[in-house]
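K.L.:
Prediction below, plus the sequence it came from.
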Amino acid sequence: MNPHLARLAHLTQQPSRRVLGLMSGTSLDGLDLALCRCYGHGTKLRVQLERFATFPYSNSFRQRLRDISQPTVSLEELTILNAEIARRHVATVLAALEEWEVFPDEVDLLASHGQTVWHSPRHQRPGHPYAHHATLQLGDGDHLAALSSIITVADFRQKHVAHGREGAPLAGYADKLLFAQPGENRLLLNLGGIANFTFLPADGGPTLVTDTGPANTLLDAVTRQYFPGRSYDDNGNLAAQGTPHPALLTALLAHPFFTAPLPKTTGPELFHLAYLQAAQLATHTTSLPPTDLLATLVELTAASVALAARRCLPEGPAQVYVSGGGSHNMTLFQALERNLPEAQFATIDTLGIPADAKEAVLFAVLANETVAGQPEFSLGKICLP
Ligand SMILES: CC(=O)N[C@H]1[C@@H]2OC[C@@H](O2)[C@@H](O)[C@@H]1O[C@H](C)C(=O)O
């Protein structure tokens, strides 16, 4: 028997697995690594986060990733990046393990999300002859497995798409296992490049998971454009100096994505600077001070989260747990509280997972389910060293 398959079979039978989750989201900050001990699986799952760190991408690499997410992409660059992202990620993994004094053979699985370069739910291309959803993440799993000698679960979104779903958000599966709490209406809100939430009803009813619209993707782009040398609005301090522009906000919220039924997904393909510029032209706000632009975008994120949340939150109390880079933006946090006064807000740290680590932990959980859990949770490709 192939010894890697024997090892995999052995792993499935263990009471726990040590899984390293790798997440690099649409905000292109860098690679998040979460080393998790996953005990059991399914409803019996318990996760202990042993280590977490973010390894920022260099500005030049970040720019290459941004360039690859343009419709005019070079196929050569796309092909190269599929391998190069994996090699960079594996180098980061090995350096982190050394720093943490963990030998690679003490890690059972890598769980690699890869880098989304294009997300194409069918509603984003009306009239296109291909009638199904599609999405593409780069960072080849075989490279990760071969170069780390660790069995790797990668490319989580394709099976979801093959089953007719949009390939995102996947967070709901792991959120339910980790955070469902009978008796509490819980909304787990992640503010990455795009905002998404998982709603876990108090009565144990069906989980709802959806994107709500842009979060850091537009805020970061405007910060970069008007404040050279800054890559994001730290703590929302710039936005706090501005005033939201009501007409521009209304024009931005007029995008049909916001009224489309839940659940739905989107990405920077839709919510990019051209979308903002079109709304500015339509409302004669092209010379709005940059801080007002940021304040308006903060309000857009908060209003669109509230719009989606109100469509699923039942009457009565609800608790919102915020994660992702946007959870550190005080201006955005306050705007959320203002837009959804009926809910209580806290960061996900109060549930024992650091706000920045949550998505990397989620992918570790998904890999654990793929290897040891039930077929309905098995996402991703298993790559052998
Ligand atoms: C295609 C893709 O990469 N989507 C991401 C993105 O970033 C946030 C939001 O859009 C979410 O739908 C998803 O990521 C999270 C981790 C998810 O699948 O749950």
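P.N.:
It's in. Residues are numbered from 1 along each chain as shown.

K.L.:
okay, CA-based contacts and neighbour counts for the rest of this
P.N.:
Fine.

K.L.:
Looks to me like Leu379 is in a helix.
P.N.:
No: with DSSP: H, G, I helix; E, B strand; the rest coil as the criterion, Leu379 is assigned coil and is not in a helix.

K.L.:
Isn't it up against Leu366?
P.N.:
Yes: between Leu379 and Leu366 there is a contact at 7.0 Å, judged by C-alpha atoms under 8 Å.

K.L.:
Looking at the two, which one has more neighbours?
P.N.:
Of the pair Leu379 and Leu366, Leu366 is the one with more neighbours under other C-alpha atoms under 10 Å, namely 27 against 22.

K.L.:
my read: Cys286 touches Leu276, true?
P.N.:
That one is not Cys; residue 286 is Thr. No: contact between Thr286 and Leu276 fails when scored by C-alpha under 8 Å: they sit 9.7 Å apart.

K.L.:
Which residue of these two possesses the greater neighbour count?
P.N.:
Set side by side, Thr286 and Leu276 show unequal neighbour counts under other C-alpha under 10 Å, the larger going to Leu276 at 19 against 16.

K.L.:
State the distance from that one to Asn237.
P.N.:
With distances defined as C-alpha to C-alpha, to the nearest Å, the gap from Leu276 to Asn237 amounts to 21 Å.

K.L.:
Contact partners for Ala303?
P.N.:
For Ala303, the set of contacting residues under the criterion of C-alpha atoms under 8 Å, 6 or more residues apart in numbering consists of Leu336, Asn339.

K.L.:
Confirm that it sits in a strand.
P.N.:
No: note on Ala303: no strand contains this position according to three-state DSSP, which reports helix.

K.L.:
Around the ligand, which positions in this structure sit nearby?
P.N.:
Residues of the chain found near the ligand, taking C-alpha under 6 Å from any ligand atom as the criterion, are 25-26, 116, 119, 168-171, 192-196, 211, 265, 267, 359.

K.L.:
Just these: which are in helices?
P.N.:
Using DSSP state H, the members of the residues of the chain next to the ligand that fall within helices are Ala171, Glu359.

K.L.:
out of the residues of the chain next to the ligand, which are inside strands?
P.N.:
Using DSSP state E, the members of the residues of the chain next to the ligand that fall within strands are Thr116, His119, Ile194, Ala195, Asn196, Asp211.

K.L.:
Per-residue pLDDT of Tyr232, please?
P.N.:
What the model reports as pLDDT for Tyr232 is 95.

K.L.:
what's the closest non-adjacent residue to it?
P.N.:
Asp220 (4.7 Å; C-alpha to C-alpha, 6 or more residues apart in numbering).

K.L.:
With Leu33 instead?
P.N.:
Beyond its immediate neighbours in the sequence, the residue positioned closest to Leu33 (C-alpha to C-alpha, 6+ apart) is Leu22, lying 5.0 Å away.

K.L.:
Please give me every residue in contact with that neighbour.
P.N.:
Applying C-alpha under 8 Å, 6+ apart to Leu22 gives the contacts Leu31, Asp32, Leu33, Ala34, Leu110, Ala111, Ser112, His113, Gly114, Ala360, Phe363, Ala364.

K.L.:
quick check: domain ranges of the protein?
P.N.:
Described in terms of automatic domain parsing, the domain architecture of the chain consists of the residue ranges 3-169+357-383, 172-351.

K.L.:
Just give me the neighbour total for Pro256.
P.N.:
What Pro256 shows, counting by other C-alpha under 10 Å, is a neighbour count of 8.

K.L.:
where's it relative to Gln124, distance?
P.N.:
Summarising the geometry, the distance separating Pro256 from Gln124, computed by C-alpha to C-alpha, is 10 Å.
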